[in-house]
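*Asks:* just coords:
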DNA sequence: AATGAATGAGACTTCATTCAT
DNA sequence: TATGAATGAAGTCTCATTCAT
């Protein structure tokens, strides 16, 4: 009111946006942490990117480390909910079909969103945040691993999947995910990946590699692969 | 073994560590960088771990960053040589067999050595060292990727491999490597991996998933792609 | 006594704290300044202790320093009035008796009230507030010192007190006061002091040490104290 | 050697004085802490006063607080030794004489040296350093208090001192010390004190006030204190 | 009049790097 | 060549103060 001329010059100063600040700050911080690493990111950069000043950051997060942890935890909770609902929504679907569904869901909700940056962050900085790394492992990695492994075992039991080592097969299923995240965040985009196609190819090959051949030589009566 | 008899004859020769220093320092630095990250590692820690004092480090490396770069480059050169010799040593071997050989060779020379730490370092810190990251991509990632891709194309051309997208298949082949490194260096060892078995399972599944089925309509008449 | 009957008739009158605020804030601030020191006390702590928020404090005091100064000055004025009335109320009383009266009056109005905290504050923080320290010296210390010194001189002139150095004796009279304040505010209460008894003992010893021996009644010739 | 012209301009830079630094820093810090208070003293000021730069300070003291504590403790130890030796060196000397000796010794070794600043520091800042304050009380105040009290009791038992409350009398003996320190460090020198004379006057008055009258005219008639 | 979010100067502390010994 | 004391730039965090609501 004092002078619109001035206010248009510095529009955002002294604007009170209590509710929006935390997520804005976390968004800014995630981008910078993921890009430059935790240590190389200055609080002032984060604040600036979020459109506030240094001090404001500390109204919402007790420390840089706290900010880091909040980012991780805030993102993880919804992811966990999804995992649960997915695993329940699929009663007796063929295992390999379910795996395909999971892979694409992960692609859409993680790989193609900023959540992938969280994963990169954990990979790159986990060592310096034992608590968060432990939390991440306990709440995310281990449950997912165990869930996938149980799927594989089910598939083997049902005769859908060959008799492979379930643990190694699980790791193998997860590796394209990790690879995609690393590729996306750590190196230049010399080989641009079409994620959808990439996941499809991966599913094609994995399915082919895992599926049990349809009992090639049973009785001379019927022919397979109709 | 460092024979006191000899050392008393020619003491300075065995006492001076001049030649060993750089590699000792790089060894120490690699361990710390990989464990705690570049920024969180102090020059003094490195020096201490190498058994010298801070100042000495600067006799061999102009700066912390220089030390980082030297570590990467020093390790990369021999790796590149191996890659070349491997690719040449395999004239007409079946592609899938060659891939298996490469995988185990990588396991033995990278995954199970400290070279895996280099890879982790590049993943975690590459963003802050564009020069090194670029060097790493240009000299390591891209050549390997292209080499593998050419193998896949060859395999397809020869009829050994199904008609999959060669680029995606290449990424898929590399992903278990990246995954293993991340697993080894970034998270606790809840699921201890037996690397040899892991690679074998991976090769089993990949081979099965990639190989061209032996012509489903086995009429006695003609032979395939001679 | 603040009659609920009345307050229901005229609520706003009793609800608004405007008039009480400054003293509440000063009270809170004095307690914290005295306990933790000026610098270590945050405006927010003061506000909280007074039951308001940070911003409110600035409606009543221009700055933290201003608040400090107001505390001192507000407390000093009434003290000065008392000093004056005391010194006037005692026309020709024996000096040592007057000193005893002053000592107990000081005990009751200063040592045993929060005013002692003011004195501690001046001792501890005076150096950083030259204006206030100067004010305190000019308005409090010097007048009291001079008043006491004049009493001593009177006592000597009247033959009630031995011929001691009046300045040193004055300091000596004041020292138990300073000591008591320091003891009360700066150290734990290992030796709990009964202030009344402490002052009495002090008066006993001082009186005995200062009083002129009753002229060992030599010859009946001349009479002192006519 | 590079250029005497320059070196005379900045004579003290890059001078290595490992052994002298700690005491120089403590000296500088004590002066500033005592003058401006702990909080208002910047590490850089201390460093500058000691002729070094900010960072150097941290080679010798882990933190500002650590520096504070070291100052106190370093000064206290020798003082304690003195106290012990004094108390032992006085076999059967009259108590009041011993007190006089102690008072002057304290004047010379504490009041008239920088040790008095330590005492002022404890008075002003003790509240923020519970550990040190506790140490100071335990090692200094309480032993001294107890020692003096035991002297008073001895004096009373021997008939040298009147039957006063020993605790209050002890406090009274200590109060001129505290007063002198406060006077010296907390206020301007309006009334310059000649410490030697001040202590003498104090001893005169105290002695007179404490001593047992020489058995009022022991005429052969009646016996006192039956 | 009261609130409390936002500001920004300033202090402590760290640590890569320099350099006298 | 090796040492480690000294330097000083830079970053985190605090908190007195401001001001839109």
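*Replies:* Here it is on my side, so go on. Owing to the predicted nature of the structure, the values given are computational and were not obtained by experimental measurement.
*Asks:* what's the closest residue to chain D within chain A sitting at in phi/psi?
*Replies:* At 18.2 Å from chain D, residue A:63 is the closest residue in chain A, using Cβ to the nearest Cβ. Bear in mind the C-beta positions are built from the backbone N, C-alpha and C, glycine included. Main-chain torsions, residue A:63, degrees, to the nearest 10: phi -160, psi 170.
*Asks:* pLDDT score for it?
*Replies:* Residue A:63 carries a pLDDT score of 97 in this model.
*Asks:* Could you list every helix and strand in contact with the longest helix belonging to chain A?
*Replies:* Determined from DSSP state H, the single longest helix within chain A is helix A:64-89. Helices and strands touching helix A:64-89, as assessed by 3 or more Cβ pairs under 8 Å, 6 or more residues apart in numbering or on different chains; DSSP states H and E, comprise helix A:21-36, helix A:95-106, helix A:115-125, helix A:130-136, helix A:142-158.
*Asks:* What are the buried residues along the helix or strand that the first one is followed by?
*Replies:* When you say that, I think you mean helix A:21-36. Next in sequence after helix A:21-36, counting helices and strands by DSSP states H and E, comes helix A:43-50. In terms of neighbour count (16 or more other Cβ atoms under 10 Å in any protein chain shown), helix A:43-50 has its buried residues at A:43, A:45, A:46, A:47, A:49, A:50.
*Asks:* For the fifth one, give me its contacts.
*Replies:* Read it as residue A:49. Residue A:49 sits next to A:28, A:31, A:32 when contact means Cβ atoms under 8 Å, 6 or more residues apart in numbering or on different chains.
*Asks:* is the longest helix of chain A anywhere near DNA strand F?
*Replies:* Yes: Helix A:64-89 is in contact with DNA strand F by Cβ under 7 Å from any atom of the strand, via A:64, A:65.
*Asks:* where in chain A is pLDDT low?
*Replies:* Scanning chain A for pLDDT under 70 picks out A:1-12, A:90-91, A:214-226.
*Asks:* again, only using 90
*Replies:* A:1-19, A:76-93, A:127-128, A:130-132, A:135, A:138-140, A:142-143, A:187-192, A:211-226 (pLDDT under 90).
*Asks:* In it, what residue comes closest to DNA strand E?
*Replies:* Nearest residue of chain A to DNA strand E: residue A:55, at 1.8 Å (Cβ to the nearest atom of the strand).
*Asks:* I'd like to check which residues are in contact with residue A:113.
*Replies:* Here residue A:113 is in contact with no residue (Cβ under 8 Å, 6+ apart).
*Asks:* and the gap between it and residue A:71?
*Replies:* Counting by Cβ to Cβ, to the nearest Å, the gap from residue A:113 to residue A:71 is 14 Å.
*Asks:* Could you list the contact residues of chain A toward DNA strand E?
*Replies:* So chain A meets DNA strand E at A:12-18, A:21, A:52-56, A:58-59 (Cβ under 7 Å from any atom of the strand).
*Asks:* In those residues, which residue is surrounded by the most others?
*Replies:* residue A:52 (21 neighbours; other Cβ atoms under 10 Å in any protein chain shown).
*Asks:* what about the closest residue to residue A:120 other than its chain neighbours, neighbour count?
*Replies:* Spatially, and ignoring its direct neighbours in sequence, residue A:120 is nearest to residue A:185 (3.9 Å; Cβ to Cβ, 6 or more residues apart in numbering or on different chains). By other Cβ under 10 Å, 19 other residues sit near residue A:185.
*Asks:* packing partners for the strand or helix carrying residue A:185?
*Replies:* In the assignment (DSSP H and E), residue A:185 maps to helix A:166-186. Contacts defined by 3+ Cβ pairs under 8 Å, 6+ apart place helix A:166-186 against helix A:95-106, helix A:115-125, helix A:142-158, helix A:195-210, helix B:115-125, helix B:166-186, helix B:195-210.
*Asks:* what residues are up against the closest residue in space to residue A:73 that isn't next to it in sequence?
*Replies:* Nearest residue to residue A:73 in three dimensions, chain neighbours excluded: residue A:135, at 7.0 Å (Cβ to Cβ, 6+ apart). Residues in contact with residue A:135 (Cβ under 8 Å, 6+ apart) are A:72, A:73, A:76.
*Asks:* Buried subset of the residues you listed as a PyMOL selection?
*Replies:* Remark: buried members of those, expressed as a PyMOL selection using 16+ other Cβ under 10 Å:
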select buried, chain A and resi 72+76
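*Asks:* Pick the one among the contacts of residue A:135 closest to residue D:142.
*Replies:* residue A:73 (50.6 Å; Cβ to Cβ).
*Asks:* Can you mark which positions in the longest helix of chain A are buried?
*Replies:* Neighbour-count burial for helix A:64-89 [16+ other Cβ under 10 Å]: A:64, A:67-72, A:75-76, A:79, A:83, A:86-87.
*Asks:* Then stretch A:193-211?
*Replies:* So stretch A:193-211, judged by 16+ other Cβ under 10 Å, has buried residues A:193, A:195, A:198-211.
*Asks:* Show residues contacting that stretch.
*Replies:* A:96, A:99-100, A:103-104, A:107, A:111-112, A:155, A:160-162, A:164, A:169, A:172-173, A:176, A:180, A:183-184, B:162, B:164-165, B:168-169, B:171-172, B:204-210.
*Asks:* Same check on stretch A:64-82?
*Replies:* A:22, A:25-26, A:29-30, A:33, A:38, A:43, A:46, A:57, A:61, A:105, A:109-110, A:115, A:118, A:121-122, A:125, A:129, A:131-132, A:135-136, A:139-140, A:143.
*Asks:* can you give me how far that stretch is from the chain middle?
*Replies:* From the chain centre to the centre of stretch A:64-82 is a distance of 11 Å (Cα atoms, centre = their mean, to the nearest Å).
*Asks:* now stretch A:55-64
*Replies:* 26 Å.
*Asks:* so how far is the first residue of it from its last?
*Replies:* 12 Å (Cα to Cα, to the nearest Å).
*Asks:* do the same with stretch A:128-148
*Replies:* 28 Å.
*Asks:* list the contacts for residue A:30?
*Replies:* A:71, A:114, A:117, A:118, A:121.
*Asks:* sorry, that was for residue A:148
*Replies:* A:99, A:102, A:170, A:173, A:174.
*Asks:* go on, residue A:125?
*Replies:* A:33, A:37, A:38, A:68, B:37, B:124.
*Asks:* Likewise for residue A:44?
*Replies:* residue A:54.
*Asks:* can you list the residues of chain A near DNA strand F?
*Replies:* A:2, A:14-16, A:41-44, A:54-55, A:58, A:62-65.
*Asks:* now, among the residues of chain A next to DNA strand E, which is nearest to chain C?
*Replies:* residue A:59 (12.3 Å).
*Asks:* Next, the contact list for the closest one, please.
*Replies:* Taking Cβ under 8 Å, 6+ apart, one finds residue A:21 in contact with residue A:59.
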